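> okay, here's the prediction I keep looking at, along with the sequence it came from:
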Amino acid sequence: MTTLHELFLDEIRQERGKFLSREVAELSSDELAELPAPVRRYMTVCGFAGRKKQWYAQLKWANVEMKLSRGGRWRKMECQQFNSVPDPVRIVHMRMRVGGVLPLEARDKFQSGRGNMLVRLLKIFTIEDVRGREMDESALVTVLSEALLIPAYAVQPYIRWEGVGPDRAAAFISAGESAVHGLFSFNEAGEFVRFETLQRWRSGKGGHLQRTPWRVTAGGYVSWDGIRHPTKVTAAWLEGEEWVEYFRGELRW
């Protein structure tokens, strides 16, 4: 049986093969002019204007931890991620040990307009294979949350922007049969610091799925090769009136 890591590597090999003959262009002033002011400022202050657009990227994660439940403990996790831009694709491989002993692997993806979460225990026992409308929407809105980490996303025809104010912008993304949206917020320096949406699904009691407010934060910006990047990322659900983190990690550029 193919392991989930092997599946992950095969899927990204196939995606990367699509870009062998694709021309790489710069992020132009005309493209930036179409963006809301806070997004345009982010692109400028972080050094993306006039740079080559990435058609795909492999994000490098370190010190990743995740909680499987609100009262659970933080568990260390290995995480590898691949994104591609012309058609929105996001493929992630995660690995941790349950009880410090049993290996648990997951492959989470949005590809060809569909989302899928595949989880295996001991590499061979499939304990989750989640598909359907809710998974499609959740996976797509996660792609949207990363649109400013890989700026070529922001100028694709499947994303539409609306200015909300001097430090916020709404974004709408469509792919396959799904259409979702969220709100990006920026600090005084022009850096992207938060993404929020009401369109991510969460499994509750009895496995019942419901849309739950979801937030991603980004911070700890550093400069590398003339580009400013965030290094610290968290994800949280809104429970009552409190945002409860369940994911935290560091990006290495």
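Yep, it's here. Remember, predicted model here, so these are calculated numbers, not experimental data.

> pLDDT score assigned to residue 212?
We note a pLDDT of 97 for residue 212 in this prediction.

> let me fix that: residue 118
Here the pLDDT value assigned to residue 118 is 97.

> what sits against the spatially closest residue to residue 114 that is not a sequence neighbour?
Spatial nearest neighbour of residue 114, excluding adjacent residues (CB to CB, 6 or more residues apart in numbering): residue 136 at 5.6 Å. The C-beta positions use only the backbone N, C-alpha and C, and glycine is treated the same way. By CB atoms under 8 Å, 6 or more residues apart in numbering, the residues touching residue 136 are 110, 113, 114, 115, 176, 177, 178.

> SS state for residue 44?
At residue 44 the chain is in helix, as set by DSSP: H, G, I helix; E, B strand; the rest coil.

> how close does it get to residue 32?
According to CB to CB, to the nearest Å, residue 44 stands 8 Å off from residue 32.

> neighbour count for these two, which is higher?
Per other CB atoms under 10 Å, whichever of residue 44 and residue 32 has more neighbours is residue 32, with 19 against 13.

> quick one: which helix or strand includes that one?
helix 29-33 (DSSP states H and E).

> ok so, going back, the residue nearest to residue 114 and residue 185, how far apart?
26 Å.

> check which helix or strand covers the residue nearest to residue 114.
Using DSSP H and E, residue 136 falls within helix 133-145.

> now that helix, how far from the centre of its chain.
Going by CA atoms, centre = their mean, to the nearest Å, the spacing between the C-alpha centre of helix 133-145 and its chain's C-alpha centre is 9 Å.

> which intervals of the stretch 101-250 of the chain have sub-threshold pLDDT?
Scanning the stretch 101-250 of the chain for pLDDT under 70 picks out no residues.

> show me where it has its strands.
Using DSSP state E, counting those that start in this stretch, the strands found in the stretch 101-250 of the chain span residues 102-111, 114-121, 125-130, 159-165, 168-175, 178-186, 192-197, 201-203, 209-211, 214-219, 222-224, 227-229, 232-239, 242-252.

> output the longest one as CSV, nothing but the C-alphas.
Going back to what we said before, that points to strand 242-252. Extracted C-alpha coordinates of strand 242-252, given in CSV (Å, rounded to 0.1, in the frame of the first residue of the first chain):
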residue,chain,number,x,y,z
GLU,A,242,-13.2,33.2,23.1
TRP,A,243,-10.8,32.4,20.3
VAL,A,244,-9.2,29.0,21.0
GLU,A,245,-6.0,28.1,19.2
TYR,A,246,-5.5,24.5,17.9
PHE,A,247,-2.6,25.0,15.6
ARG,A,248,0.7,26.9,15.8
GLY,A,249,3.9,26.7,13.8
GLU,A,250,6.8,28.6,12.4
LEU,A,251,7.5,29.2,8.7
ARG,A,252,11.1,29.1,7.4
